[in-house]
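>>> sequence? don't have it. structure:
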């Protein structure tokens, strides 16, 4: 099996915001978790940020934010999407995680194709060979 990590930083920022918006709003993902976390300025305390909303987070995103989509990596049975950035000396993260299965892979692949106009395996990938 090939696992992959897709670095979305090289994509257009507005497309990345669209992708994040669609992932968070998708009702086609099963077993999905969508949440925000924050780490304070001293680097301690990773906490769920219950006050953060999708709209507010999308407004915070700027070119310095790091965005990655991981399929089967680092966990072979999971799809993970993470956006990480800094705002007022606080590290802010947004997460979408779900089981790696055909239904979830198809839903995410369809969103990716719709937003970026290419199949999920076409660009920006780092393939990791399993030693199975």
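Now that the structure is in, tell me what you want to look at. It should be emphasised that the depicted structure is a prediction, and the values quoted were computed from it without experimental measurement. Residues are numbered from 1 along each chain as shown.

>>> roughly how far is the lengthiest helix in the chain from the heart of the chain?
Taking DSSP state H as the criterion, the chain has its longest helix at helix 102-116. Computed by C-alpha atoms, centre = their mean, to the nearest Å, the chain-centroid distance of helix 102-116 equals 13 Å.

>>> Look up the closest residue to the spatially most central residue of the chain, ignoring the ones flanking it.
The centre of the chain sits closest to residue 81, judged by C-alpha atoms, centre = their mean, with a distance of 2.1 Å. For residue 81, ignoring the flanking residues on the chain, the nearest one in space by C-beta to C-beta, 6 or more residues apart in numbering is residue 96 at 4.3 Å. Placement of C-beta: from N, CA and C, glycine included.

>>> which ones are touching the residue nearest to the centre of the chain?
Taking C-beta atoms under 8 Å, 6 or more residues apart in numbering as the contact definition, residue 81 lies against 20, 23, 67-70, 95-97.

>>> all helices for the chain, in order.
13-25, 54-60, 102-116.

>>> what are the ranges of the strands in this structure?
Applying DSSP state E to the chain gives strands spanning 2-7, 33-39, 46-48, 66-71, 78-87, 90-99, 125-129.

>>> so which of those comes closest to residue 57?
Nearest to residue 57, of all the strands of the chain, is strand 90-99, at 5.3 Å by C-beta to C-beta.

>>> The closest one packs against which elements?
Identification of packing neighbours for strand 90-99 by 3 or more C-beta pairs under 8 Å, 6 or more residues apart in numbering; DSSP states H and E yields helix 13-25, strand 33-39, helix 54-60, strand 78-87.

>>> Kindly present the ones you listed as TSV, with separate columns for distance to residue 4 and mean pLDDT.
Formatted as TSV, those follow (distance: least, C-beta to C-beta, whole Å; pLDDT from 0 to 100):
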stretch	distance to residue 4	mean pLDDT
helix 13-25	16	96
strand 33-39	20	91
helix 54-60	25	95
strand 78-87	10	92
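
>>> With distance to residue 47 added, can I get these in CSV?
Shown next, in CSV, are the helices and strands packed on strand 90-99 (distance: least, C-beta to C-beta, whole Å):
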stretch, distance to residue 47
helix 13-25, 19
strand 33-39, 6
helix 54-60, 15
strand 78-87, 15
